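any chance you could fold what I've pasted below:
(one chain, ligands or ions: 2)
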Amino acid sequence: MTAPVSADDRPIIRIEDWEALAEQTLPKGAFDYVHSGAGAEETLRKNERAFQQWDLLPKILTNVENVNLGINLLNRQLPTPLLLAPVGFQTVVHPEGELASARSAAGLGIPYITSTVSSFSLEDISAVMENVPRYFQLYWPNDEEVAASFVTRAEAAGYDAIVLTVDTALLGWREKDLQNRYFPMQTGAGTANFVTDPVFQQKYNPSGLLTQEELTAEIKKILLNQSLTWEKIAWLRQQTSLPILLKGIIHTEDGKKAVAYGADGIIVSNHGGRQLDGVRSSLNALPFISKEIQGEIPILFDSGIRRGPDILKAIALGADAVIIGRPYVYGLTLGQAGVTAVLTNLLHDLETSLALTGTASLSDIDGSLIARTGNSQ
Ligand SMILES: Cc1cc2nc3c(=O)[nH]c(=O)nc-3n(C[C@H](O)[C@H](O)[C@H](O)COP(=O)(O)O)c2cc1C
Ligand SMILES: CCCCCCC(=O)C(=O)O
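Ligands and ions are numbered 1, 2, ... in the order given. Reported below is the predicted structural model:
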């Protein structure tokens, strides 16, 4: 696969250039949907800026001839600390959508998290990922039979973990999408897991004759669940033997509760600034949560990662692994080759940056690598 080049025949390396390519290529509604955040986008901006509030403190003369990016996560050895975020509706970016992203991730040994609102069924996405961990992200439908059916299907399709998104009791106030009158499901994207679900079909579309508009309305009615509480984690635990990760934790107390309620891991995340505007940046939430959890369960991190040193900072502040969202979706503008180019560049940057910190193995990173900008060591 040849590396994508820009109009002036130079390789596309900078994430800003991938973003610009997506903006030039996609319809305005689709680009804004991917790019934007909730409200005034204060949190969206804070997520990226937070990385500038921390300095890396490299150590010298340490022999970094052989650099190792490998980690162990949920008892699986992985070649890098990177995972791909659950991102719904990917056919609004490219017709091959999630299949292209998942194929690209699998080709690099990177776990891929399939969204509930994927444009292809969880079974079809699983089928393109071999020998790489697959996680299924659950938007817990407001209908327990459909929720149970999704989890059972994920387990049967070979997924290795359930990622329960807990920051989306309802959709954030997304001003650009409202202005554009844009909801990606209107295009038919994101309905695959519902239309292939026997329980959903039997209960909500028994004749199989609903129009796209009627189907979207039925899905929207049950997609999210405003009544979820911590106690429901026990119910989910009964539905599956897979590890359960909670995605969307920012409050330190919730980190503690996740351990107490038996989660197998958490994802420190503010949903890329797409839910509650004004929330603390994910990066600045991370050290407090990490201090509280004390290594009891793995901590994954997302929101704002754009370059290799960002990954090092997140790991130095307590993350065991990191997740990216928008960067790979911008790459998807050019299909699988674009996703692979974005991921390959990011991993080269990470490898170079790790060596330059004087750390040969990613697993040796600790808090001594980082300090608040302006603070003494
Ligand atoms: C277009 C788009 C769709 C998303 N869809 C989902 C989803 O279906 N489920 C979910 O849990 N998170 C979803 N997210 C949030 C991501 O999983 C992730 O938390 C976020 O993108 C991380 O921030 P980043 O984009 O700055 O890397 C979505 C994000 C984007 C940009
Ligand atoms: C009512 C639709 C909920 C899914 C939204 C997908 C998502 O998490 C995001 O856009 O962010």
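
does A355 touch V67 like I think?
Yes - A355 lies in contact with V67 (Cβ atoms under 8 Å); the separation is 4.9 Å. (Glycine included, C-beta is placed from N, CA and C.)

how close does the closest residue to T62 other than its chain neighbours get to ligand 2?
Excluding the flanking residues, the one nearest T62 by Cβ to Cβ, 6 or more residues apart in numbering is G358, at 4.1 Å. Per Cβ to the nearest ligand atom, to the nearest Å, G358 is found 38 Å from ligand 2.

likewise L223?
Plainly put, L223 is 5 Å away from ligand 2 if you go by Cβ to the nearest ligand atom.

helix, strand, or coil at the residue nearest to T62?
coil (DSSP: H, G, I helix; E, B strand; the rest coil).

what is the burial count for it?
16 (other Cβ atoms under 10 Å).

show me what contacts it?
58-62, 64 (Cβ atoms under 8 Å, 6 or more residues apart in numbering).

near ligand 2, which residues of this structure show up?
By the rule Cβ under 6 Å from any ligand atom, the part of the chain lying against ligand 2 is 88, 117, 168, 171, 223-224, 271, 274.

quick check: buried residues in stretch 34-48?
34-39, 41, 43-44, 46-48 (16 or more other Cβ atoms under 10 Å).

which among the contacts of G358 count as buried?
By 16+ other Cβ under 10 Å, those give V64 as buried.

what sits against the residue most central in space within the chain?
In the chain, the residue lying closest to the centroid (Cα atoms, centre = their mean) is A85, at 1.9 Å. Under the criterion of Cβ under 8 Å, 6+ apart, the contact list for A85 reads 113, 272, 302, 323-325, 328.

for it, which non-adjacent residue is closest in space?
G325 (3.8 Å).

again, but for V117
G88 (3.4 Å).

what's the local residue count around the one you found?
21.

check the spacing between it and T191 real quick.
If you measure G88 against T191 using Cβ to Cβ, to the nearest Å, the figure is 10 Å.

so what's the residue nearest to M185 when sequence neighbours are not counted up against?
Spatially, and ignoring its direct neighbours in sequence, M185 is nearest to T216 (4.8 Å; Cβ to Cβ, 6+ apart). T216 is in contact with 183, 185-186, 191, counting by Cβ under 8 Å, 6+ apart.

hmm, stretch 271-289 touching ligand 1?
Yes - using Cβ under 6 Å from any ligand atom, we find that stretch 271-289 touches ligand 1 at 271-272, 274.

next up, the contacts around the residue nearest to N284 when sequence neighbours are not counted.
Nearest residue to N284, sequence neighbours excluded (Cβ to Cβ, 6+ apart): A50, at 5.2 Å. By Cβ under 8 Å, 6+ apart, A50 lies in contact with 281-284, 304.

okay, A50: pLDDT?
If you check A50, the pLDDT there is 98.

just T2 next, same as before
66.

ok, back up a step: make a PyMOL selection of the buried ones in the contacts of A50.
Buried members of the contacts of A50, defined by 16+ other Cβ under 10 Å, are picked up in PyMOL with:
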select buried, resi 281+282+283+284+304
